[in-house]
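Participant: Fold the following, please.
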Amino acid sequence: DAVREGGRAMASALGLLASSYGDEEEEEVAPAPIEPPRTLAINAAPAVMDGAPSAHNDDAWGAMAGVKEDRKQGQTVLYHNPEHHAMYAPDQGPAALPHGIKSKTRVSSAVEPYHPSSNFAFEEQYHTFNAYGFAADPSTGSSHAHLADGRGPVAAGVPGVVGDMERWAEARGATIFSSRGPLESRMEEQRKRLRLDESYAPIPAAQPELTAEQAASIAAGHKKAKAAREGRGGEEDQAPMEETSVFHGKDMRDYQGRSWVEPPRDVRNEEHECFIPKRCIHTWSGHTKGVAAIRWFPGNGHLLLSAGMDTKVKIWDVFNSRKCMRTYMGHAAAVRDICFSNDGRRFVTCSYDRYLKLWDTETGECISAFTNKKLPYCVKLNPDDDKQNVIMAGCSNKHIVQYDANSGKVEQVYDQHLGAVNTITFCEENRRFATTADDKKMLIWEFGIPVPIKHIADPTQHSMPAVTKTPNDKWMLCQNLDNQITTYSASDRFKLNRKKLFKGHVVAGYACQPGVSPDGNFVMSGDTDGRLWFWDWKSCKVFRKIQCHDQVLIQALWHPVEASRVATCSWDGTIKYWDDRLGQAGVARRLHGRLVPHVTTSHPAPAPRPVPPTYPYPFNVRAP
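Facilitator: The predicted structure is shown next:
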């Protein structure tokens, strides 16, 4: 009887729903007043209806015991208790739409079967198999076979499961999407794998007792690994390398007893006009790897010192034979920077083996070695004559270390930078010095006081890995990594001169050292393609470009005596000597009243150009 009463209630509900639709062929009638929509939801619940209402009206629906009003959802809920044969009755409802009319964005109003080849079904079973170890077999465990016998999917004769049946029984057929938590067996495996006890606390592992030899071996391995991470070698690399030197000349002294490092007496450094070089007149190729830096011998530049990445330092003759005079060997890694003393009798080198070494230029003897176990990126000797024993080194640990060459001790440490220090430049009669670092700042220091007196920083400022001071000591040319050379005053306020900006070349990633002509009329710099750029100092425009090397041109130096000669070095391992032309150089030497020793070249000299005759006509015009 209860089932019949439920059927009558269902029929009444369907009749009420059907009465809301009219016939298309019926005549149009006056529209009825619009009432708020009402929906009916049928839920399975323990409550059972005793009877069905006799009329389709609101009072009848309210009088039903199994009908409740859900105001929150805006619907009327009918609670009904279906039996087993009703639950597994054949599907009823509107037929599926024809092929091609089905829309993915709206409901098709038809009951769609669970197809095992759908995307959702495949993803569900795929993740279930990876997580739990079982999945439904689409060939034997389809929903049609389970529903055909009327017993439901769980009670079917063939379960249709692939994989671990025990896990399937533990999960009660649930998939990874329908289960509410991990399986207990899965948690147990994870607990054993992580070595946890039943309360999920770590199980203490007994450490085996090591012998003294095993402990020492493990400690040595850790120390070696730490040294490798920091870029240092083992303990055998910590001791300084033995220093040696080889002299390549004929005699250490000439027939008058003068040393080979003494400059010629007939060459003097005087003011002269400089000219842009045009062609290479000689090439020095003694280094097996790239050349990092070159320096002229102080005074007249009759010798050229070069630091190579092959761990060697060489000094070359410039005026006469143009051969390598001496090779200094004492570093275990590439030489980074070099610096002469004021008289040229000594020079200091810094290398990637973390050592600074002071050398005697004439004998090749290493006078002393210094290290703070950090990489020195630049080295300078104090230019004052009474402070030639003071060595300044900018290191990778953000410090500028001041050494005393006589005692070998550290006198002062300047530690206000936030990055590796790249350059040290003395200014204002050597009472102050400027430093640049990878922190994109320039700091001005009083010599001997570890507190900077001025910070130069700007949001648009880039790192300045190379700085050169002009011959008049008024300006500092800073090579920026944004492919331009900026100019700062070398005294007073150290202000940026925005009108003196030299750009056009590409140096990003390389510390190409800029250069200035002795008369201050030209600025030059190398670039990444091996070209040498010249700018006019007054107009800041590009004056000339010369292709000099195959790889990056790292530094160019104008000769302090020769009017138009420039030395360039590159990472291709060569050093080249450039001149404008021999005729003009000879004329310049005669005009200045100097007698320069004869220079042999590796290229034949061009024939002199004929000078056109002059005629006694106005404005020096030729006769017709």
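Participant: Correct me if wrong: Y403 contacts N382.
Facilitator: No: Y403 lies out of contact with N382 (Cβ atoms under 8 Å); the separation is 10.7 Å. Just so you know, the C-beta spots here come from the backbone N, C-alpha and C atoms, and that holds for glycine as well.
Participant: which residues are common contacts for those two?
Facilitator: V390, I391, M392 (Cβ atoms under 8 Å, 6 or more residues apart in numbering).
Participant: Show the model's pLDDT score for the first one.
Facilitator: What it means is V390. Per-residue pLDDT puts V390 at 94.
Participant: That one and N382, how far apart?
Facilitator: As judged by Cβ to Cβ, to the nearest Å, V390 and N382 stand 4 Å apart.
Participant: Take the shared contacts of Y403 and N382 and keep only those in strands.
Facilitator: V390, I391, M392 (DSSP state E).
Participant: Identify the residues contacting the closest residue to the last one other than its chain neighbours.
Facilitator: Using Cβ to Cβ, 6 or more residues apart in numbering and skipping the chain neighbours, the partner closest in space to M392 is K380 (4.6 Å). Residues in contact with K380, defined by Cβ under 8 Å, 6+ apart, are C339, I391, M392, A393, I424, F426, F433.
Participant: Backbone torsions only: list them for K380.
Facilitator: Backbone torsions of K380, given as degrees, to the nearest 10, read phi -140, psi 150.
Participant: Quick check: which element contains the nearest residue to D404 once chain neighbours are set aside?
Facilitator: Counting by Cβ to Cβ, 6+ apart, E411 is the residue found nearest to D404 once chain neighbours are left out, at 5.2 Å. For E411, the element it lies in under DSSP states H and E is strand 410-414.
Participant: For that strand, buried residues please.
Facilitator: Buried positions in strand 410-414, judged by neighbour count with 16 or more other Cβ atoms under 10 Å: Q412, Y414.
Participant: Tell me the helices and strands packed up against the helix or strand following that strand.
Facilitator: Per DSSP H and E, the first helix or strand lying C-terminal to strand 410-414 is strand 421-427. Using 3 or more Cβ pairs under 8 Å, 6 or more residues apart in numbering; DSSP states H and E, the elements in contact with strand 421-427 are strand 376-381, strand 390-395, strand 432-437, strand 466-469.
Participant: Would you mind giving those as TSV with distance to V451 added?
Facilitator: Formatted as TSV, these follow (distance: least, Cβ to Cβ, whole Å):
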stretch	distance to V451
strand 376-381	20
strand 390-395	16
strand 432-437	12
strand 466-469	21
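Participant: Minimum distance to S564: which of these has it?
Facilitator: Counting by Cβ to Cβ, S564 lies closest to strand 466-469 out of the helices and strands packed on strand 421-427; the figure is 19.2 Å.
Participant: Listing partners with orientation, what would you give for the closest one?
Facilitator: Using DSSP bridges, the strands paired with strand 466-469 are strand 475-480 (antiparallel).
Participant: just checking, next helix/strand downstream of the partner strand?
Facilitator: strand 484-489.
Participant: May I have the strands that pair with that next one, each with its orientation?
Facilitator: With DSSP bridges as the test, strand 484-489 is paired with strand 475-480 (antiparallel), strand 496-503 (antiparallel).
Participant: chain center to that strand: distance?
Facilitator: In terms of Cα atoms, centre = their mean, to the nearest Å, the centre of strand 484-489 is found 26 Å from the chain centre.
Participant: try stretch 544-552
Facilitator: The answer for stretch 544-552 is 27 Å, by Cα atoms, centre = their mean.
Participant: what's the span of that stretch, first residue to last?
Facilitator: Taking Cα to Cα, to the nearest Å, stretch 544-552 runs 18 Å from one end to the other.
Participant: most neighbours per residue, which of the strands paired with strand 484-489?
Facilitator: Mean neighbours per residue, mean count of other Cβ atoms under 10 Å, is largest over the strands paired with strand 484-489 for strand 475-480, with a mean of 24.
Participant: contacts for that one?
Facilitator: Against strand 475-480 from outside (Cβ under 8 Å, 6+ apart): 425, 427, 434, 436, 442, 461-470, 485-490, 497, 500, 502, 507, 511-514, 516, 523, 525.
Participant: try stretch 191-203
Facilitator: So stretch 191-203 is contacted by A205 (Cβ under 8 Å, 6+ apart).
Participant: Quick check: the gap between E69 and T528.
Facilitator: 82 Å.
Participant: Those two: which has the busier surroundings?
Facilitator: T528 (18 against 13; other Cβ atoms under 10 Å).
Participant: which residues does the more buried one contact?
Facilitator: Neighbours of T528 in contact, by Cβ under 8 Å, 6+ apart: V506, V507, A508, G509, Y510, V552.
Participant: and it, that's in a helix?
Facilitator: No: read with DSSP: H, G, I helix; E, B strand; the rest coil, T528 is coil and lies in no helix.
Participant: Now do the strands for the stretch 451-600 of the chain: every range, in order, please.
Facilitator: Ranges of strands in the stretch 451-600 of the chain, per DSSP state E, counting those that start in this stretch, are 452-456, 466-469, 475-480, 484-489, 496-503, 515-516, 522-526, 531-536, 542-547, 553-558, 566-570, 575-579.
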